[in-house]
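# Need a 3D model of the sequence below.
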Amino acid sequence: ISVILGIFFVTGCSDPTGRKSDPEISTTGVDSEYKFIPAGHTKLTQGILADRYNKNIDNLYLEIDSETLKNVFHETHDNWYAEPEFVGHYLASGPLLYKASGNEEIKKRNDELVQTVIEYQRDDGYLGTYHEGLEFDYTFSVWNQNFMIKGLIAQYEETGNEAALEAAMKCADYNANAFLYSDTVELLLGLNQGVQHATILEEMAHLYSITGKQLYLDFSNYILKRLENSSIKVISIPNSAEFWAIPFMMGCSKGIEMFNVYFGVLKMYEITGDASYLYAAQMYWKALKVSQIRITGNGSLGEHWNHLGNTPVQLTNDLRPNENCVAMGWMKFNADLSLFSGEGKYFDELEKTLYNHIMGSQASDGHDFSYYQGNIGHKIHAKDPGMYSCCRYRGMRILALVPEYIFMQSDDKVAINIFTPSTSSIM
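All right, here's what the predicted structure looks like:
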């Protein structure tokens, strides 16, 4: 097998849609020649990345009390309760870490946790753990269900657990039918400038790609239509505006939520082949890289894109700069864009963020991740009681994905995306 060191060959094409063209953006479609090598086939063998990956398993994943995660579903709650999101991240990370390590304790915990989720899922499919009447509350109820679907899909795709897929579909059906056919719930009545519920797009599109169930595609199209008819025009603004203005024209500036929406946009591109979806994501990426992402590979103040952007200034932790969730989102966004566009430049960005911000935010013993990262002062890993744990679980999740990102393969070639001591059995 010949080795290509992160080089992808892309040719340009004309675009009949009449949208703005950009010479730096390829719109040739999904490069089906290269795919990521599935979980478990690539092993980190030595070096700092292998060390931090193993500590992520031993000192974080296995130190999280799985009984506490099970208890999340034992009672319902008022709004702002976000623990189901973290259960979803735990379930999404588990199969990847199990395949990499072979640690049977991980598999045991995951199997038991999936069973608990199924036992406590409401008969109508609801998996959000809010009190009756708050199922579509403006805070985290739909957001929580989004990540529960993600975790259950991962359990199905990596382990073949049909019950997990059935639970994910029941939850998806509950949400899709409510938003499509009820006159009592509103998609854009959510946190973070209205975008919170719309982040379920990726998992709806993902379920459609697995099952072919039309309901999920209908709901995905509905989400995009509602966004386009709001100030959060995730397709038309990037397809028409000057790239530098995109973050400021968009009706939502919340970093990780917007990444989650664009993960869904790229999934819809994979499903439909509509090049305007890919182009919108690429232009959003370019806008962030030029105006928001700092030279170390992360961005945001107070978790939002902002007018200060990537201006080189001292940023102390009290300003809440460089949220770890944003670093994770930027990494995954780059990985997805590389997969769908066939361009290697995205892994240059991913690698910079991995070493400077994901590993930079990780405690040296791997037990936690910093929520924010200033560029002056000390890292802070301690969290106040009850503080939201999103950055811990997203840091854990993105490190779990790293072995899949190291190589890509075609029928007769291998592309190396991350240079680190590792071995891989090519599929």
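# ok, then the element right after the helix or strand of the chain with the lowest mean pLDDT?
Every helix and strand in the chain was compared by mean pLDDT, DSSP states H and E; the lowest is strand 2-4, with a mean of 31. On the C-terminal side of strand 2-4, the closest following helix or strand by DSSP states H and E is strand 35-36.
# and that following strand, how far out from the chain's middle?
Computed by CA atoms, centre = their mean, to the nearest Å, the separation of strand 35-36 from the middle of its chain amounts to 17 Å.
# outside of it, which residues touch it?
Defining contact as CB atoms under 8 Å, 6 or more residues apart in numbering, one finds that strand 35-36 is touched by 335, 339, 404, 405, 407, 408, 409, 410. For glycine as for every other residue, the C-beta is placed from the backbone atoms N, C-alpha and C.
# Just the buried ones out of these, please.
For the contacts of strand 35-36, a burial check counting by 16 or more other CB atoms under 10 Å picks out 335, 339, 404, 405, 407, 408, 409.
# Between the residues you listed, which sits nearest residue 251?
Proximity of these to residue 251 was ranked by CB to CB; the top entry is residue 335 with 26.2 Å.
# Got the confidence number for the closest one?
In the predicted model, residue 335 carries a pLDDT score of 97.
# just the one 10 residues further on next, same as before
pLDDT, the model's per-residue confidence, is 95 for residue 345.
# In contact with it, which residues?
Shown here is residue 345, which makes no contacts under the criterion CB under 8 Å, 6+ apart.
# Point out the ones among the contacts of strand 35-36 that are inside strands.
407, 408, 409 (DSSP state E).
# ok, those residues vs residue 246, which is closest?
Distance to residue 246, by CB to CB, is smallest for residue 408 among the ones in strands among the contacts of strand 35-36, at 28.2 Å.
# Can you name the residues that contact that closest one?
Residues near residue 408 by CB under 8 Å, 6+ apart: 34, 35, 36, 37, 338, 339, 414, 415, 417.
# among these, who's most crowded?
In terms of neighbours by other CB atoms under 10 Å, the contacts of residue 408 top out with residue 338 at 26 neighbours.
# Next one: the closest residue to that residue other than its chain neighbours from residue 142, what distance?
Spatial nearest neighbour of residue 338, excluding adjacent residues (CB to CB, 6 or more residues apart in numbering): residue 346 at 4.0 Å. Relative to residue 142, residue 346 is positioned 29 Å away (CB to CB, to the nearest Å).
# got it, and residue 92?
In this structure, residue 92 and residue 142 are separated by 17 Å, where distance is defined by CB to CB.
# for residue 419, same thing?
40 Å.
# go on, residue 420?
For residue 420, the distance to residue 142 equals 37 Å [CB to CB].
# Going by neighbour count, list what's buried in whichever strand or helix holds residue 89.
Under the assignment given by DSSP H and E, the secondary-structure element containing residue 89 is helix 83-101. Buried residues in helix 83-101, counting neighbours by 16+ other CB under 10 Å, are found at 83-101.
# Please compute how far it lies from its chain's middle.
Between the mean C-alpha location of helix 83-101 and the chain-wide mean there is a distance of 13 Å, by CA atoms, centre = their mean.
# One more: stretch 74-93?
That offset, for stretch 74-93, works out to 16 Å (CA atoms, centre = their mean).
# do stretch 235-250 as well
The gap between the average C-alpha position of stretch 235-250 and the chain average comes to 22 Å, counting by CA atoms, centre = their mean.
# What is the burial count for residue 183?
Here the number of neighbours of residue 183 (other CB under 10 Å) works out to 5.
# Ok, residue 51 next?
Applying other CB under 10 Å, we find 14 other residues in the vicinity of residue 51.
# that older thread, quick check: of the ones in strands among the contacts of strand 35-36, which lies closest to residue 260?
Minimum separation from residue 260 among the ones in strands among the contacts of strand 35-36 (CB to CB) is found for residue 408, which lies at 23.4 Å.
# I'd like the distance between that closest one and residue 420.
15 Å.
# Residue 136 now?
For residue 136, the distance to residue 420 under the criterion CB to CB works out to 44 Å.
# And residue 76, by the same measure?
Applying CB to CB to residue 76 and residue 420 gives a distance of 44 Å.
# again, but for residue 192
Distance check for residue 192 against residue 420: by CB to CB, it reads 35 Å.
# returning to what we had before: any idea of the mean pLDDT for the helix holding residue 89?
When the per-residue pLDDT values of helix 83-101 are averaged, the result is 97.
# Which SSE is immediately downstream of that helix?
Once helix 83-101 ends, the next helix or strand along the chain (criterion: DSSP H and E) is helix 104-120.
# Which strands and helices lie in contact with that next one?
helix 66-71, helix 83-101, helix 141-159, helix 162-181 (3 or more CB pairs under 8 Å, 6 or more residues apart in numbering; DSSP states H and E).
# mind checking which of those helices is nearest residue 311?
If we rank the helices and strands packed on helix 104-120 by CB to CB, the stretch that ends up nearest is helix 141-159, at 31.0 Å.
# Can you mark which positions in the closest one are buried?
Residues of helix 141-159 classed as buried by neighbour count (16+ other CB under 10 Å): 141-159.
# and if you look at stretch 349-368?
Taking 16+ other CB under 10 Å as the neighbour-count basis, stretch 349-368 is seen to contain the buried residues 349-363, 366, 368.
# Over to stretch 273-284?
274, 275, 276, 277, 278, 279, 280, 281, 282, 283, 284.
# Would you agree the last one is in contact with residue 245?
In other words, residue 284. No - assessed by CB atoms under 8 Å, residue 284 is found out of contact with residue 245, at 11.7 Å.
# Low-confidence stretches in this structure?
By pLDDT under 70, the weakly predicted segments of the chain are 1-32, 382-387, 427.
# one more time with 80, if that's ok
Counting by pLDDT under 80, the chain shows low-confidence ranges at 1-33, 243-244, 381-388, 426-427.
# which helices and strands sit right next to the helix or strand encompassing residue 262?
For residue 262, the host element (DSSP H and E) is helix 255-272. Contacts of helix 255-272 with other secondary structure elements, assessed using 3+ CB pairs under 8 Å, 6+ apart, are made with helix 201-211, helix 214-228, helix 275-291, helix 324-341.
# With distance to residue 62 as extra columns, can I get the ones you listed in CSV?
Formatted as CSV, the helices and strands packed on helix 255-272 follow (distance: least, CB to CB, whole Å):
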stretch, distance to residue 62
helix 201-211, 26
helix 214-228, 34
helix 275-291, 35
helix 324-341, 20
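# Pick the most buried one from these.
The densest packing among the helices and strands packed on helix 255-272, expressed as mean neighbour count by mean count of other CB atoms under 10 Å, is seen in helix 324-341 with a mean of 25.
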